[in-house]
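Participant: Sequence first, predicted coordinates after that:
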Amino acid sequence: IKEKLQVAIDGPAGSGKSTVAKIIAKNFAFIYIDTGAMYRAVTLYAKINQIDYENEEQLSEQVATISLTFVPADPVQRVILDGQDVTEAIRSEEITNNVSLVSSYKKIREEMTERQRQMTEGASVVMDGRDIGTTVLPKAQVKIFLVASVEQRAARRFKENQTKGFRVSLEELKDEIILRDYKDSHRLISPLKKASDAVTIDTSYLSIDQVVEKISEIIKTRA
Ligand code: CDP
Ligand code: CDP
């Protein structure tokens, strides 16, 4: 591959973005940026610093001072917030249920978008999120929009939670996902939306390997 390649993977919760993005990044030796983890970390920052999730003003004032880094590690890269490893903490139910609100704030989005673009400078990258193809990397050569039925997505999360010991029912998970998708798709600034030039892949009945295979083929035609 000669020129730097940008692969943008967007879609709703549980569509398989981060799982396939990580494998693709590894296979092609691209860097991987999990933008959802960044918004989750800002949400956790509010919790740790006892700032109400509703307090847009205070969060906006402080967001530029938040130190957020990804440290490569196996099997998952670690997320470091103000010097603390928060890789697991950002996945809690409380953070999951408040991240859509915090990530709807204009100042927060501007700051994260800026940082995400800086992280890609000079490198080939796979980035997953909600607004990568539309806003963060509008010139990405490969744009993928992953979708899956809400039943499948809730079932995947349920299975994942069982291994983590979270006790949330399948019905509750489904409602949470529907609500989060709604908030993410209806916010004013860079909502979850398929870029006009993105390729949609319905992963409901595809294995992880099949999704990876489809995206890899697209990457090879654009590289
Ligand atoms: O992995 P999961 O689908 O649960 O979500 P995530 O990718 O970790 O993202 C968590 C939340 O961050 C989303 O529900 C959005 O509210 C927000 N987000 C965003 O607004 N923009 C992005 N580019 C990525 C995530
Ligand atoms: O990042 P996003 O929220 O879009 O989804 P994910 O965290 O990558 O995937 C959610 C769960 O679905 C994971 O446990 C994956 O192993 C699983 N998955 C699957 O069963 N089949 C796929 N085609 C993709 C993901």
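Facilitator: Noted; the coordinates are in hand. Ligands and ions are numbered 1, 2, ... in the order given.

Participant: hang on, S185 packs against K194?
Facilitator: No. Under the criterion of C-beta atoms under 8 Å, S185 makes no contact with K194, lying 10.4 Å away. (C-beta placed from N, C-alpha, C; glycine too.)

Participant: Would you mind telling me which of those two has more residues around it?
Facilitator: K194 (17 against 13; other C-beta atoms under 10 Å).

Participant: That one belongs to a strand?
Facilitator: No. Using DSSP: H, G, I helix; E, B strand; the rest coil, the secondary structure at K194 is coil, not a strand.

Participant: With adjacent residues omitted, what lies nearest to it?
Facilitator: Excluding its sequence neighbours, the residue lying closest to K194 (C-beta to C-beta, 6 or more residues apart in numbering) is F145, at 4.2 Å.

Participant: Adjacent strands (with direction) for whichever strand or helix holds that neighbour?
Facilitator: Assigned by DSSP states H and E, F145 falls within strand 142-147. If you go by DSSP bridges, strand 142-147 pairs up with strand 6-10 (parallel), strand 199-202 (parallel).

Participant: close to ligand 2, is the following helix or strand past the first one?
Facilitator: Past strand 6-10, further along toward the C-terminus, the next helix or strand under DSSP H and E is helix 17-28. Yes. Shown here: helix 17-28 in contact with ligand 2 (C-beta under 6 Å from any ligand atom) through 17-19.

Participant: chain center to helix 17-28, what's the gap?
Facilitator: 13 Å (C-alpha atoms, centre = their mean, to the nearest Å).

Participant: same deal with stretch 92-107?
Facilitator: Distance, stretch centre to chain centre, for stretch 92-107: 12 Å (C-alpha atoms, centre = their mean).
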